[in-house]
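K.L.:
Build me a structure from this.
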Amino acid sequence: MQSIRNLFRRAWSSDARLDDITVLITGANTGIGKETAKDLAKRGAKVIMACRDMERGQAALKEVIETSGSENVVCMKLDLSDTKSIREFAEAINKGEPKLNILINNAGVMVCPYGKTADGFEMQIGVNHMGHFLLTHLLIDLIKRSAPARIVTVSSMAHAWSSINLEDINSEKGYNKNTAYSQSKLANVLFTRTLAKKLEGTGVTTYSLHPGVVQTDLWRHLSGPQLTVMKMVSPFTKNSTQGAQTTIYCAVEPSLEKESGGYYSDCAPANCSAAGKDDDLAQKLWELSCRMLSVTWE
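P.N.:
The predicted structure is shown next:
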């Protein structure tokens, strides 16, 4: 039993400091995002917590400051389901921050009922992929100027359970909440892979990761057999602190400085699915995302 737990909870630690470093974390008001904020603030970073729910965000901000002992933490409004909010947020960051060294695309929704974002995207692909794609696009010049810099995107092992339906990415012809979630997490892996190639030689590196099976608010939409299975495996799941470790690893581990585009799990390189290594699919998704978001990103 203990050996199984150890398999899920590989220990990793580092005393790396982040003094003079600015970090932005989406979805930082709860779960692994909040735990990541606590850790990076303790390391001396300025931490910007980007949150949709400002009431919960302010409560999390107080907790992060108290836990980390750092006052250099702020909370800002960001709704990844609305491109207007994303653009307003990015404009505020670009105008107000002289640098952005680490962007952590952490926020997400999981197996939710069918719904659409303010711009008409299916909610899971819209928030988990499109929202972060646009945010990264709008901040990329600032990130480049801040190099060496890192972009960390939280994916999931669920990326291996689906492909990308380029002909119906918004699931309008039929919706399966599990397939849609898997598609959005595969999109995270493919985005990271293509982004790494586009950023070669800039000093900006990219990483995607599986945080583990983590007990977070994302479970709120589970029901029936899914919820029963999760309750059965709960003794082997990670809490939020444990679930944040691979995100923190990708953000601060010095040995990753020259690595880019890879997929990680349990604070180590991991194998992603065959679809996650499909450069042709990655490029098609990139082009589709640009068209749907009306952006040009060479």
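
K.L.:
which element is the closest residue to residue 275 other than its chain neighbours on?
P.N.:
Leaving out its chain neighbours, the residue that sits closest to residue 275 by CB to CB, 6 or more residues apart in numbering is residue 163, at 5.1 Å. Heads up, the C-betas are built off the backbone N, CA and C, glycines and all. Under DSSP states H and E, no helix or strand contains residue 163.

K.L.:
cool, residue 137 as well?
P.N.:
Here residue 137, judged by DSSP H and E, is contained in helix 132-145.

K.L.:
ok, residue 63 - contacts?
P.N.:
Neighbouring residues of residue 63 by CB atoms under 8 Å, 6 or more residues apart in numbering: 34, 38.

K.L.:
Show me where this protein dips below the pLDDT cut-off.
P.N.:
Applying pLDDT under 70 to the chain picks out residues 1-11, 214-238.

K.L.:
Do a quick rundown of the strands in it.
P.N.:
22-26, 46-51, 73-77, 102-105, 149-154, 204-210, 262-265, 268-269 (DSSP state E).

K.L.:
and the lengthiest helix in the chain, how far from the chain's centre?
P.N.:
Ranked by residue count and defined by DSSP state H, the top helix of the chain is helix 177-198. Centre-to-centre, helix 177-198 and its host chain are 11 Å apart (CA atoms, centre = their mean, to the nearest Å).

K.L.:
likewise stretch 149-167?
P.N.:
The answer for stretch 149-167 is 10 Å, by CA atoms, centre = their mean.

K.L.:
and the end-to-end length of that stretch?
P.N.:
The first and final residues of stretch 149-167 sit 34 Å from each other (CA to CA, to the nearest Å).

K.L.:
cool, stretch 45-56 as well?
P.N.:
Start-to-end, stretch 45-56 (CA to CA) is 22 Å.

K.L.:
Ok, stretch 47-63 next?
P.N.:
End-to-end distance of stretch 47-63 (CA to CA): 13 Å.

K.L.:
gap between it and the chain center?
P.N.:
In terms of CA atoms, centre = their mean, the centre of stretch 47-63 is found 16 Å from the chain centre.

K.L.:
Mind listing what's buried along it?
P.N.:
Neighbour-count burial for stretch 47-63 flags 47, 48, 49, 50, 51, 52, 57, 59, 60, 61 (criterion: 16 or more other CB atoms under 10 Å).

K.L.:
Was I right to think residue 202 contacts residue 141?
P.N.:
No: contact criterion CB atoms under 8 Å: residue 202 and residue 141 do not qualify, at 10.5 Å.

K.L.:
For the two, indicate the residue with more neighbours.
P.N.:
Counted by other CB atoms under 10 Å, residue 202 and residue 141 do not tie: residue 202 has more neighbours, with 15 against 11.

K.L.:
Next, work out how far apart that one and residue 133 are.
P.N.:
18 Å (CB to CB, to the nearest Å).

K.L.:
And the helices in the stretch 151-298 of the chain?
P.N.:
For the stretch 151-298 of the chain, helices defined by DSSP state H, counting those that start in this stretch occupy the ranges 177-198, 224-233, 240-243, 245-252, 279-293.

K.L.:
thinking again about what came up before, just list what the helix holding residue 137 packs against, helices and strands only.
P.N.:
With contacts taken as 3 or more CB pairs under 8 Å, 6 or more residues apart in numbering; DSSP states H and E, helix 132-145 sits against strand 22-26, helix 83-96, strand 102-105, strand 149-154, helix 177-198, strand 204-210, helix 279-293.

K.L.:
Put the alpha carbons of the third one into CSV.
P.N.:
Listed in CSV are the C-alpha atoms of strand 102-105, where the atom choice follows Å, rounded to 0.1, in the frame of the first residue of the first chain:
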residue,chain,number,x,y,z
ILE,A,102,6.8,33.0,-15.2
LEU,A,103,3.3,32.5,-16.6
ILE,A,104,1.4,29.6,-15.1
ASN,A,105,-1.7,28.7,-17.1
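
K.L.:
ok, it: who's next to it in the sheet?
P.N.:
strand 22-26 (parallel), strand 149-154 (parallel) (DSSP bridges).

K.L.:
Compute the inter-axis angle for the longest one and helix 245-252.
P.N.:
Note on geometry: by axes from the mean of the first three to the mean of the last three CA atoms, to 10 degrees, strand 149-154 and helix 245-252 are set 160 degrees apart in direction.

K.L.:
what's the closest of the buried residues of stretch 47-63 to residue 95?
P.N.:
Using CB to CB, residue 48 comes nearest to residue 95 of the buried residues of stretch 47-63, at 13.3 Å.
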